[in-house]
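Student: I need the structure of the sequence given here:
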Amino acid sequence: MPNLNAALGLAQLEQLNGFLEKKRILAKQYIDWFKLKSTIQFVSERRDNTSNYWINAVVLENKEQRDLFLKTTNENGVMTRPIWALMNNLEMFEHCEKGDLTQAQWLEDRVVNIPSSVIL
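Tutor: Presented below is the predicted three-dimensional model:
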(Lines give C-alpha, C1' and ligand atoms only; values in the text may rest on other atoms or scores of the structure.)
Protein backbone atom coordinates (compact mmCIF):
# COMPACT_ATOMS: atom_id res chain seq x y z
CA MET A 1 0.00 0.00 0.00
CA PRO A 2 1.45 3.40 -0.93
CA ASN A 3 2.20 5.78 1.95
CA LEU A 4 -0.49 8.24 0.82
CA ASN A 5 -3.18 5.56 0.93
CA ALA A 6 -1.97 4.39 4.34
CA ALA A 7 -2.08 7.96 5.68
CA LEU A 8 -5.63 8.46 4.39
CA GLY A 9 -6.70 5.12 5.88
CA LEU A 10 -5.16 5.96 9.23
CA ALA A 11 -6.87 9.36 9.29
CA GLN A 12 -10.21 7.65 8.67
CA LEU A 13 -9.56 5.06 11.39
CA GLU A 14 -8.80 7.83 13.86
CA GLN A 15 -12.32 9.16 13.23
CA LEU A 16 -14.05 5.76 13.28
CA ASN A 17 -15.59 6.04 16.76
CA GLY A 18 -17.09 9.43 15.90
CA PHE A 19 -18.46 8.09 12.61
CA LEU A 20 -20.03 5.11 14.36
CA GLU A 21 -21.57 7.33 17.05
CA LYS A 22 -23.14 9.57 14.41
CA LYS A 23 -24.42 6.52 12.54
CA ARG A 24 -26.09 5.22 15.72
CA ILE A 25 -27.69 8.64 16.32
CA LEU A 26 -29.06 8.66 12.77
CA ALA A 27 -30.33 5.07 13.12
CA LYS A 28 -32.11 5.99 16.37
CA GLN A 29 -33.83 8.87 14.59
CA TYR A 30 -34.91 6.51 11.81
CA ILE A 31 -36.12 3.91 14.32
CA ASP A 32 -38.25 6.52 16.10
CA TRP A 33 -39.64 7.96 12.86
CA PHE A 34 -40.42 4.64 11.17
CA LYS A 35 -42.23 3.38 14.29
CA LEU A 36 -44.97 5.82 13.24
CA LYS A 37 -45.19 4.20 9.79
CA SER A 38 -46.85 0.86 10.41
CA THR A 39 -46.24 -0.45 6.87
CA ILE A 40 -42.52 0.42 6.75
CA GLN A 41 -40.00 -1.53 8.83
CA PHE A 42 -36.57 -0.02 9.53
CA VAL A 43 -33.82 -2.66 9.50
CA SER A 44 -32.27 -2.43 12.96
CA GLU A 45 -29.85 -4.47 14.99
CA ARG A 46 -30.96 -7.65 16.68
CA ARG A 47 -30.94 -8.09 20.43
CA ASP A 48 -27.47 -8.93 21.78
CA ASN A 49 -25.82 -7.56 18.60
CA THR A 50 -24.30 -4.21 17.76
CA SER A 51 -24.75 -2.82 14.28
CA ASN A 52 -22.42 -0.26 12.76
CA TYR A 53 -25.40 1.04 10.71
CA TRP A 54 -23.02 1.70 7.85
CA ILE A 55 -25.98 1.51 5.51
CA ASN A 56 -29.59 1.99 6.53
CA ALA A 57 -32.51 0.22 4.91
CA VAL A 58 -36.26 -0.17 5.17
CA VAL A 59 -38.52 -3.07 4.23
CA LEU A 60 -41.80 -2.28 2.51
CA GLU A 61 -44.85 -4.51 2.11
CA ASN A 62 -44.42 -5.28 -1.59
CA LYS A 63 -42.78 -4.17 -4.83
CA GLU A 64 -45.49 -1.64 -5.62
CA GLN A 65 -45.04 0.06 -2.25
CA ARG A 66 -41.26 -0.05 -2.74
CA ASP A 67 -41.55 1.62 -6.15
CA LEU A 68 -43.88 4.32 -4.77
CA PHE A 69 -41.48 4.94 -1.86
CA LEU A 70 -38.53 5.25 -4.27
CA LYS A 71 -40.44 7.60 -6.58
CA THR A 72 -41.73 9.82 -3.77
CA THR A 73 -38.44 10.09 -1.87
CA ASN A 74 -36.30 10.74 -4.94
CA GLU A 75 -38.74 13.30 -6.37
CA ASN A 76 -38.47 15.12 -3.04
CA GLY A 77 -34.68 15.19 -2.97
CA VAL A 78 -34.11 12.21 -0.69
CA MET A 79 -31.73 9.87 -2.47
CA THR A 80 -32.93 6.29 -2.02
CA ARG A 81 -32.28 3.17 -4.07
CA PRO A 82 -33.34 -0.45 -4.23
CA ILE A 83 -31.15 -2.81 -2.21
CA TRP A 84 -29.82 -4.60 -5.32
CA ALA A 85 -30.69 -6.14 -8.63
CA LEU A 86 -30.29 -9.88 -8.74
CA MET A 87 -27.46 -10.85 -11.06
CA ASN A 88 -29.56 -13.46 -12.86
CA ASN A 89 -31.91 -10.66 -13.99
CA LEU A 90 -29.08 -8.88 -15.81
CA GLU A 91 -29.03 -9.61 -19.53
CA MET A 92 -25.43 -10.84 -19.50
CA PHE A 93 -26.25 -13.48 -16.87
CA GLU A 94 -29.78 -14.50 -17.88
CA HIS A 95 -28.61 -17.88 -19.22
CA CYS A 96 -26.43 -18.76 -16.22
CA GLU A 97 -27.28 -21.54 -13.83
CA LYS A 98 -29.09 -20.45 -10.68
CA GLY A 99 -30.68 -22.02 -7.64
CA ASP A 100 -33.79 -21.12 -5.71
CA LEU A 101 -33.75 -17.34 -5.30
CA THR A 102 -37.15 -17.00 -3.61
CA GLN A 103 -35.80 -15.21 -0.54
CA ALA A 104 -33.40 -13.01 -2.52
CA GLN A 105 -36.26 -12.01 -4.85
CA TRP A 106 -38.48 -11.24 -1.84
CA LEU A 107 -35.77 -8.88 -0.53
CA GLU A 108 -35.15 -7.27 -3.93
CA ASP A 109 -38.87 -6.50 -4.22
CA ARG A 110 -39.13 -4.85 -0.79
CA VAL A 111 -35.85 -3.43 0.58
CA VAL A 112 -34.73 0.16 -0.03
CA ASN A 113 -31.47 1.74 1.09
CA ILE A 114 -31.99 5.15 2.67
CA PRO A 115 -29.48 7.96 3.38
CA SER A 116 -26.74 6.89 5.77
CA SER A 117 -24.32 9.81 5.83
CA VAL A 118 -22.20 10.50 8.91
CA ILE A 119 -22.82 14.22 8.43
CA LEU A 120 -25.64 15.33 10.71
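
Student: what kind of secondary structure is Cys113 in?
Tutor: One correction, residue 113 is Asn, not Cys. In terms of secondary structure, Asn113 is strand; the call rests on DSSP: H, G, I helix; E, B strand; the rest coil.

Student: Return the distance of it relative to Glu21.
Tutor: In this view, Asn113 and Glu21 are 21 Å apart by C-beta to C-beta, to the nearest Å. The C-beta positions use only the backbone N, C-alpha and C, and glycine is treated the same way.

Student: Pick out whichever of those two has more residues nearby.
Tutor: Using other C-beta atoms under 10 Å as the criterion, Asn113 and Glu21 rank with Asn113 on top: 16 against 11.

Student: As a check, name the ranges of all helices in the protein.
Tutor: Read by DSSP state H, the chain holds these helices, from start to end of the chain: 3-14, 16-34, 63-75, 102-110.

Student: on contacts alone, who are the packing partners of the shortest one?
Tutor: Helices and strands in packing contact with helix 102-110 are listed as helix 63-75; criterion 3 or more C-beta pairs under 8 Å, 6 or more residues apart in numbering; DSSP states H and E.
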